[in-house]
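1. I'd like to go over a predicted model; first the sequence, then the structure.
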2 protein chains.
Amino acid sequence: MNSIKHNKFSLEKYFKKNKEIIDKALDKYLPEDSIYPESIHKAMRYSIFAGGKRLRAILVIAGCQIFSPEEIKNALPVACAVEMIHTYSLIHDDLPCIDNDDLRRGKPTSHKVFGEATAVLTGDALLTHAFLLMSKRKNIKPEITAQVIEIISKAISTYGMIGGQIVDIETSGIKTDAKTLKYIHNHKTADLIEACVYAGAFLGGADSKQLKYISEYGRNIGLAFQIVDDILDIEGDTKLLGKSAGSDIINKKNTYPSLFGIKKSRQLSNKLINNAILKAKKFGQRGQILELLANFIRDRKF
Amino acid sequence: MNSIKHNKFSLEKYFKKNKEIIDKALDKYLPEDSIYPESIHKAMRYSIFAGGKRLRAILVIAGCQIFSPEEIKNALPVACAVEMIHTYSLIHDDLPCIDNDDLRRGKPTSHKVFGEATAVLTGDALLTHAFLLMSKRKNIKPEITAQVIEIISKAISTYGMIGGQIVDIETSGIKTDAKTLKYIHNHKTADLIEACVYAGAFLGGADSKQLKYISEYGRNIGLAFQIVDDILDIEGDTKLLGKSAGSDIINKKNTYPSLFGIKKSRQLSNKLINNAILKAKKFGQRGQILELLANFIRDRKF
């Protein structure tokens, strides 16, 4: 009991500390909103600083720290880039022509505040800025930079995130099978989550065997993350979530609960988390943070 | 007279030959439309192969060939990446919430064929694929790869293309001044055009003095290109243009002709082309293709 309490406390502290570091770095890396044209820079900052757990950025940092506890400075631009990428995908997903969501991270969505044209360009701008940020790191070996850009861009391409998004949209309102649902969740969500912890470990100097374990860890928590997301859309609280609970039902989305029921979905996400923890244990004491992060993904309420 | 005829013939041949090489490479680099999810890959290919002059890709190749006539193979992925980027920007620009255009490259626009949700994601996918393509070149030195990604991403960021687009949208219907109009045109169009020829020259091994001339050449033809575009929107033929002539007037866009009249706009674009040619002449015989391309930009009817 004491150990769990201790762990919870540690994770909370870890999140708080790293969220502060990440937010400060995002503030530094994003164009000031006083820079012309102010409107687009304001819109970029609005969505980035609307909140968010910074889970993807923290996974980059955690992945890096396992292998190089002192290398966080080099991981930070990539950590911020994946937050920009995640936010771009949310802004475009929320557009009236896609999910038509009014609320995100507890605030009105980008198109509700700035209009649709600016929201489209703000998403484009965050995606572009992520690549600009990753490319111009002079203190990272260029072969590492090129490889990290390849890892991230593949994870969010039509082989990854966009592939999942398009199938998600196309199957809305049509009952789909388990294979298609797994495709959607693996690509829409798990690919980027896996790429975050993988890119972090790669930046930290993990070898190919270590990268394999990290990859399997990321795959398992990534899929679990989306299944828990589906469950929270039903059981969760709009206020805590910061986005409209029940929107999957409104948008007639295929989800794990809609196909398998809540109980089986919960069992499945628990199994994935257990698999992830087995991989985290490969790294002994250094892997403890990955274990705590996996537990957080299982137990989260937001 | 003979020399002009000869030049025209050479440029036509140069365009035809390189367009074939670029289209073949694009076909190789884009995911097959038989790859799941087929719809997004079909939509990516639809817009890429709807036509287009491939001017930006040709500028990458021409820039490279001045310094390394044999290096075209290494320039080709970047040439294809800038075509993907250009096409992404057109797809998003044509969306109902931005310019609401029905016709592009002589065919219905992406959202007209595939719907708005797919059009948004197709633009995102082409932008992402461009970075994936640029990042995974194993036969280019990684420091060159990282630098080229920085050059291109900066040119299309809010410091470049997106900056120009947002001001273009925000000033539509409001009469603006010459300074703002120049900002729009320089960033919306000239930044990427300059980056294309610059990245090509960089890949070809140009030194910093040579890059300076190339940069000035690119800046001049880039701005001239957009002024000629404005003129063609008034004087041009929808069929030849492949997009709806008169759309600037419908969208109440600020253009050089709307601010300065056709005659002065033509004088200005001629002056810019002459400046560009002066820079091209710095490279002697090797710069002749840049001179021909500048003349093409001035005289083009499409």
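-> Cool, got the structure.
2. Could I get the CA-only coordinates of stretch A:269-280 as PDB?
-> Coordinates of each C-alpha in stretch A:269-280 appear next as PDB, following Å, rounded to 0.1, in the frame of the first residue of the first chain:
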ATOM      1  CA  SER A 269      -6.700  -2.800 -21.800                       C
ATOM      2  CA  ASN A 270      -5.500  -4.300 -18.500                       C
ATOM      3  CA  LYS A 271      -3.900  -7.100 -20.500                       C
ATOM      4  CA  LEU A 272      -2.100  -4.700 -22.800                       C
ATOM      5  CA  ILE A 273      -0.900  -2.700 -19.800                       C
ATOM      6  CA  ASN A 274       0.400  -5.900 -18.200                       C
ATOM      7  CA  ASN A 275       2.300  -6.700 -21.400                       C
ATOM      8  CA  ALA A 276       3.800  -3.200 -21.400                       C
ATOM      9  CA  ILE A 277       4.900  -3.600 -17.800                       C
ATOM     10  CA  LEU A 278       6.700  -6.900 -18.700                       C
ATOM     11  CA  LYS A 279       8.600  -5.000 -21.300                       C
ATOM     12  CA  ALA A 280       9.300  -2.100 -18.900                       C
END
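3. So what touches it?
-> Residues outside stretch A:269-280 that contact it (C-beta atoms under 8 Å, 6 or more residues apart in numbering or on different chains) are A:213-214, A:216-217, A:220-221, A:223-224, A:227-228, A:231, A:256, A:287-288, A:290-291, A:294-295, A:297-298. Where you see a C-beta, it was placed from the backbone N, CA and C, and this is true even at glycine.
4. So what's the model's average confidence on that stretch?
-> The predicted model gives stretch A:269-280 an average pLDDT of 98.
5. What's the first helix or strand after the helix or strand of chain A with the lowest mean pLDDT?
-> Taking mean pLDDT, DSSP states H and E as the measure, the helix or strand of chain A with the lowest value is helix A:238-241, at a mean of 71. As assigned by DSSP states H and E, the chain's next helix or strand after helix A:238-241 is helix A:247-250.
6. in that next one, what counts as buried?
-> Along helix A:247-250, the positions that meet the burial threshold by neighbour count (16 or more other C-beta atoms under 10 Å in any protein chain shown) are A:S247, A:D248.
7. In terms of secondary structure, what does that helix contact?
-> Helix A:247-250 is packed against helix A:208-235, with contacts defined by 3 or more C-beta pairs under 8 Å, 6 or more residues apart in numbering or on different chains; DSSP states H and E.
8. need the contact list for the nearest residue to A:L95 once chain neighbours are set aside.
-> Taking C-beta to C-beta, 6 or more residues apart in numbering or on different chains as the measure, A:L95 lies nearest to A:H111, with 5.8 Å between them; neighbours along the chain are not counted. Taking C-beta under 8 Å, 6+ apart as the definition of contact, the neighbours of A:H111 are A:I91, A:D94, A:L95, A:P96, A:T118, A:A119.
9. Highest neighbour count among the residues you listed?
-> The most neighbours of any of the contacts of A:H111, using other C-beta atoms under 10 Å in any protein chain shown, belong to A:I91, which has 28 neighbours.
10. and it, that's in a helix?
-> Yes - secondary structure assignment places A:I91 in a helix (DSSP: H, G, I helix; E, B strand; the rest coil).
11. Let me know the distance separating it from A:L127.
-> When distances are taken as C-beta to C-beta, to the nearest Å, A:I91 and A:L127 turn out to be 10 Å apart.
12. Could you do A:S34 as well?
-> Applying C-beta to C-beta, the value for A:S34 to A:L127 is 23 Å.
13. more crowded one of those two?
-> A:L127 (26 against 8).
14. nearest spatial neighbour of the closest residue to chain B within the stretch 151-300 of chain A, skipping sequence neighbours?
-> Evaluated by C-beta to the nearest C-beta, the stretch 151-300 of chain A has A:S153 as its residue closest to chain B, separated by 4.0 Å. When the adjacent residues along the chain are set aside, A:S153 lies closest to B:L132, with 4.0 Å between them (C-beta to C-beta, 6+ apart).
15. per-residue confidence for that neighbour?
-> According to the model's per-residue confidence, B:L132 sits at a pLDDT of 98.
16. give me the element it is part of.
-> Using DSSP H and E, B:L132 maps to helix B:116-135.
17. Can you verify my assumption that the residue nearest to A:S153 contacts A:S157?
-> Yes - counting by C-beta atoms under 8 Å, B:L132 touches A:S157, with 5.5 Å between them.
18. List the contacts of A:K264.
-> By C-beta under 8 Å, 6+ apart, the contact set of A:K264 is A:Y256.
19. switch the cut-off to 10 Å
-> Applying C-beta atoms under 10 Å, 6 or more residues apart in numbering or on different chains, one finds that A:K264 lies in contact with A:Y256, A:P257.
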